[in-house]
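Enquirer: Provide a 3D model corresponding to the input given below.
(2 chains, ligands or ions: 1)
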Amino acid sequence: MSDRETVLGRVRRALADVPREERPEDVPVAGERLRGYGERTPAAAAGLLARNLADYRALVHRVSAAGLPALVAGLLAARGARTLLVPEGLPERWPAAAVAAGVRLCPDDPRATPAELDAVDSVLTGCAVAVAETGTVVLDGGPGQGRRRITLVPDHHICVVRVPGQVVDSVPQALERLDPTRPLTWISGPSATSDIELDRVEGVHGPRTLEVVLLEG
Amino acid sequence: MSGTYLGMPSFPRAAAEATRDSTLRGNLRHATHTIRDKRARAVAELADWPRLRSAAAAIKDRTLRHLDHYLVQVEAAVTAAGGTVHWAADAAEANRIVTALVRATGETEVLKVKSMTTQEIELNEALGRAGITACETDLAELIVQLGEDRPSHILVPAIHRNRAEIRDIFRARMADWGRPAPDGLTDRPAELAEAARLHLREKFLRAKVAISGANFMVAETGTLVVVESEGNGRMCLTLPETLISVVGIEKVVPTWRDLGVFLQLLPRSATAERMNPYTSMWTGTGMGAGTGTGTGPGTGAGTGAGARTRAGDGDGPRIFHLVLLDNGRTDTLADTVGRQALRCIRCSACLNVCPVYERAGGHAYGSPYPGPIGAILTPQLRGTDSELDASLPFASSLCGACYEVCPVAIDIPEVLVHLRERVAEGGAVTRGGRKAVIRPARGHAAERAAMRAARWTLDHPAALRTAQRVACRTRRLHPRRLPGPGRAWTDTRALPEVPAKSFRDWWARTRGQGRPG
Ligand code: SF4
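Expert: Here you go, the predicted model:
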């Protein structure tokens, strides 16, 4: 007998107490769950997102569409970043001012080795959705977000969230918007560890700095 | 301390040793209290926590009562998305499968994402015997591995080590595994984390094969979920060509929507965060028949379906294997009282409130699952043949704090009492899928172990004092009949209600009665 049949056979024998006619749907799943915790205006949701992100040591910036290129250029200049990784589908305008200031763009190339990604200073992406109640941005590999690795290997990630369109209140609401067949990465603050005497340290393996830009209007 | 858990002393002996180690006790106490207090605040933020908790318990119960249905569904969905599913009835079979899969890649070094399942089957040792080096990449697991030690906490495996010890381990051992510790390494946490980053990055960038567990698998979509903080998980799940995930069959949840319940409960219960820094979700290799059509309810993603950037573009492993592990889980499922232990989402909240864990430390439990959950899970997964496993159901003061915090409402005291009765009186069990009857432990080594465990708890007044603070709220959880030592006495008397304030007197009285000659 294969292990598959062994395990499934054991499961079925172990469940001898379950009536044969019972279907999974017959087992009640308690109560209607809340889809979020409180009614919020879009502005309040954006405010909560900003506070929760900051609480987990992401650096949060709020900017209008007109101000975004200058902001990006400023953030890169402040760190002395000279190379910027950009995924396919990112609006060309976003990094335009940085390019004008001498930053070299590195378009994401599927053939790039991890070592090549490691040599890049910063990465700029959009996101699929952001969750206010938890301070989370979610990337699904769609346009302007790129492959999972590009937001992982470089040490500095700038992520742009469109407000209010991409902001939801809660985790259940985010799941409703996401497609499970896509590779999904949920990011809540920069990489961190508390493994040494529970002292929080940022940036063990992922980016040490996460900057989230709330793009309004 | 290295190698396997075989030959561990029974809980009371190991615990007695641990309580004499004041460094260990200090480290543990600091850590568990810090997490405990933060957790209470994080939980208070969600107004319907009790409702969420009962939804989680109900979803898990539905899953367990129809586990065969959901496992077949997971298998179909993962296969459709380009993954390969394997089934392993026990640890040896799982290790054989994983070893063969790694061998087929031609690699002799693999990276590991922190996973209790692979510790349970002692995969690293099995791979080692086959000439394959398995490198742990979680910072705490790295500390444990370099120190030739064993994890002592579900979530913070090196919780028993302080910063000076960690620095010494890094200085002494990093060079044996790869990049040595930087010169002049101090014991500042930031410096220690940086040393780990440099040491491991070398490995991440060249890794070809990674091995992980998973926190959840969604039956409806075949999606696997790994929740973590450091990014080592993301590295292993993204950069290598081959990914092998070893997952216990109880980790399945029915639907994508159900995942929302657990993603809200887990981080707040575990690290007391609203959300952990990173959560990764993947469905097969993303290259199966399901790609592009969206098999789940959540299609119509935030970013337009036409722009899928998958299919051979190098986003994530090209080869994905899922190993579904039984290894005692179906035996646990067969016990209608003990079955609820399979709801566990390994958040570790029960460890952090347990007065016995706080004093005894994780190693005393002799398995990857320490604390209250270990006391009920290990003897069910492994049986109670060994002295250690027979003593575990007694490694508790039955204060009920573990039940209060458990996000999936596992009635740990109820299962403890049930298992104590089994050890003391014997009874029908399922072992390796077969019905068996175990003999009462009376006059047997297991009973002596049980007696010592009960006495150990009673001899540690601080543990009991903490227990009493919550006892009043959990009185209904206390056994009506006292199993084990006090059994003969309670057979002829109804056990008195437990007034919290005289809990110790009550124990002292019953203990006096039940003491062997
Ligand atoms: S038994 Fe409950 S509290 Fe303990 S680790 Fe499991 S889910 Fe968490």
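Enquirer: which parts of the helix or strand harbouring residue A:7 are buried?
Expert: Using DSSP states H and E, residue A:7 falls within helix A:3-14. If you call a residue buried by 16 or more other CB atoms under 10 Å in any protein chain shown, then helix A:3-14 has these buried ones: A:3, A:4, A:6, A:7, A:8, A:10, A:11, A:14. From N, CA and C alone the C-beta is placed, and that goes for glycine too.
Enquirer: Residue numbers of chain A in contact with the ligand?
Expert: By CB under 6 Å from any ligand atom, no residue of chain A approaches the ligand.
Enquirer: Give me the neighbour count for residue B:134.
Expert: 20 (other CB atoms under 10 Å in any protein chain shown).
Enquirer: That one touches residue B:119, doesn't it?
Expert: No. Using CB atoms under 8 Å, residue B:134 is not in contact with residue B:119, being 11.0 Å away.
Enquirer: How about residue B:382, nearest residue that isn't a chain neighbour?
Expert: Closest residue to residue B:382 apart from its sequence neighbours, by CB to CB, 6 or more residues apart in numbering or on different chains: residue B:389 at 5.3 Å.
Enquirer: got a list of contacts for the helix holding residue A:7?
Expert: A:1, B:67-68, B:71-72, B:86-89, B:93, B:249, B:324, B:326, B:330-331, B:333-334, B:430, B:433 (CB atoms under 8 Å, 6 or more residues apart in numbering or on different chains).
Enquirer: Give me the next element, helix or strand, following that helix.
Expert: Taking DSSP H and E, what comes next after helix A:3-14 is helix A:42-55.
Enquirer: all strands of the chain, in order?
Expert: Let's take chain A. Ranges of strands in chain A, per DSSP state E, are A:59-64, A:83-86, A:104-107, A:122-125, A:129-131, A:136-139, A:156-163, A:167-168, A:184-187, A:192-193, A:201-202, A:209-216.
Enquirer: actually it's chain B I care about, not the one you picked
Expert: B:84-88, B:109-112, B:133-136, B:209-212, B:216-218, B:223-228, B:242-248, B:252-253, B:278-283, B:319-325, B:427-431, B:434-438.
Enquirer: what about these, which gets the closest to residue B:419?
Expert: strand B:427-431 (10.2 Å; CB to CB).
Enquirer: Give the buried residues for that closest one.
Expert: Going by 16+ other CB under 10 Å, strand B:427-431 has these buried residues: B:429, B:430.
Enquirer: again with stretch B:38-52
Expert: B:38, B:39, B:42, B:43, B:46, B:49, B:51, B:52.
Enquirer: Tell me how many other residues surround residue 111.
Expert: Just going to use chain A. Neighbours of residue A:111 using other CB under 10 Å come to 7.
Enquirer: try chain B instead
Expert: Residue B:111 has 24 nearby residues by other CB under 10 Å.
Enquirer: now it, which residues is it bridged with?
Expert: Per DSSP bridges, the residues bridged to residue B:111 are residue B:135, residue B:210.
Enquirer: Break down the stretch 301-450 of chain B into its helices, ranges please.
Expert: B:329-333, B:349-352, B:355-360, B:371-382, B:387-391, B:401-405, B:412-425, B:445-458 (DSSP state H, counting those that start in this stretch).
Enquirer: Mean confidence (pLDDT) on the second one, please.
Expert: This points to helix B:349-352. Average pLDDT, helix B:349-352: 93.
Enquirer: elements contacting it?
Expert: Helix B:349-352 sits against helix B:22-44, helix B:371-382, helix B:401-405, with contacts defined as 3 or more CB pairs under 8 Å, 6 or more residues apart in numbering or on different chains; DSSP states H and E.
Enquirer: chain center to it: distance?
Expert: Chain-centre distance of helix B:349-352: 11 Å, with CA atoms, centre = their mean, to the nearest Å.
Enquirer: contact partners of it?
Expert: Everything outside helix B:349-352 that qualifies as a contact, by CB under 8 Å, 6+ apart, is B:32, B:35-36, B:39, B:153-154, B:269-270, B:357, B:362, B:370-373, B:401-402, B:405-407, B:412.
Enquirer: please redo it, this time with the cut-off set to 6 Å
Expert: Residues from elsewhere that reach helix B:349-352 (CB atoms under 6 Å, 6 or more residues apart in numbering or on different chains): B:32, B:35, B:36, B:269, B:357, B:371, B:372, B:373, B:402, B:405, B:406.
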